[in-house]
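> Sharing a model that was predicted from the sequence below.
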Amino acid sequence: MTETSIPSADQSVDEENAPIEATDDTEAEETEAESGPTVREKKAPAESELFQQSEIAADYVEGLLDILDYDGDIDELVSGGRPVVEVVGDRLQNLVGQRGATLEALQELTRLAVFRQTGTPSRLLLDVGGYRANRRKELAAVAKNAVEKVKEHGELVRLEPMSAFERKCVHDVVNAMSGVESESEGVEPNRRIIVRPAD
């Protein structure tokens, strides 16, 4: 068994789900990445509903930025069947926090704001300063490294604990490769991924 560390983000930048039931949605996405598509009883929201959620979220985030006296451009969009709000600007590192902890908390608050106005749990994804996009690239490298170790040694590799967002990124990469599989173990905040040879 091999322990693999997650590379830290750029050292000049501090590093790196939903209200009520939405955390279950993120966990469901992670499970889906592990075991294939799951049957969902709920009907997927229409694109117009998702865009409305992103607009509500953008207004909420704009209010937070005003209170904190931070400058940033806010984009709201729908991507991959979920509402997305991106904040772009200089000196936003404090909104990301160590390994994205502050960003995750802000995302939860924003999802709560959407839930409060719509009455529907949101799968909103909040990104600040391109952190999530950069983190995806780092996690893809971590996943590929783990897969190489598994294929080379034939033993499972246990990764460090990760957030649901991070685990889904790793599952997506591992599941796209042959001869290996991944699963999550443990409970938050110490839930981690195991990569092992496929049966």
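Okay, I see it. Numbers count the residues shown, from 1 in each chain.
> center of this structure, which residue is that?
residue 165 (2.2 Å; Cα atoms, centre = their mean).
> Just to check, that residue is in contact with residue 133?
No: assessed by Cβ atoms under 8 Å, residue 165 is found out of contact with residue 133, at 11.7 Å. The C-beta positions use only the backbone N, C-alpha and C, and glycine is treated the same way.
> Am I right that residue 188 is in a helix?
No: Residue 188: not assigned to a helix; according to DSSP: H, G, I helix; E, B strand; the rest coil it is coil.
> residue ranges for the strands of the chain, please.
2-4, 73-79, 82-88, 125-128, 157-159, 180-185, 192-197 (DSSP state E).
> ok, the fifth one: who's next to it in the sheet?
Sheet pairing here is set by DSSP bridges, and for strand 157-159 it gives strand 2-4 (parallel), strand 192-197 (antiparallel).
> Worst mean pLDDT among those strands?
Among these, strand 2-4 has the lowest mean pLDDT, at a mean of 45.
> Output the below-cut-off pLDDT ranges for the chain.
1-44 (pLDDT under 70).
> Need the outlier residue of it, farthest from its centre.
residue 153 (29.5 Å).
> Just the C-alphas of stretch 104-123, formatted as CSV.
The C-alpha coordinates for stretch 104-123 follow below in CSV (Å, rounded to 0.1, in the frame of the first residue of the first chain):
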residue,chain,number,x,y,z
GLU,A,104,-16.3,25.7,0.2
ALA,A,105,-17.9,27.6,3.1
LEU,A,106,-18.8,30.5,0.8
GLN,A,107,-20.3,28.0,-1.7
GLU,A,108,-22.4,26.6,1.1
LEU,A,109,-23.6,30.1,2.1
THR,A,110,-24.4,30.9,-1.5
ARG,A,111,-26.3,27.7,-1.9
LEU,A,112,-28.3,28.5,1.2
ALA,A,113,-29.1,31.9,-0.2
VAL,A,114,-30.4,30.3,-3.4
PHE,A,115,-32.4,27.7,-1.4
ARG,A,116,-33.9,30.5,0.7
GLN,A,117,-35.3,32.3,-2.4
THR,A,118,-36.3,29.2,-4.5
GLY,A,119,-37.1,26.6,-1.9
THR,A,120,-35.0,24.1,-3.9
PRO,A,121,-31.6,22.7,-3.0
SER,A,122,-29.0,23.9,-5.4
ARG,A,123,-25.9,22.2,-6.9
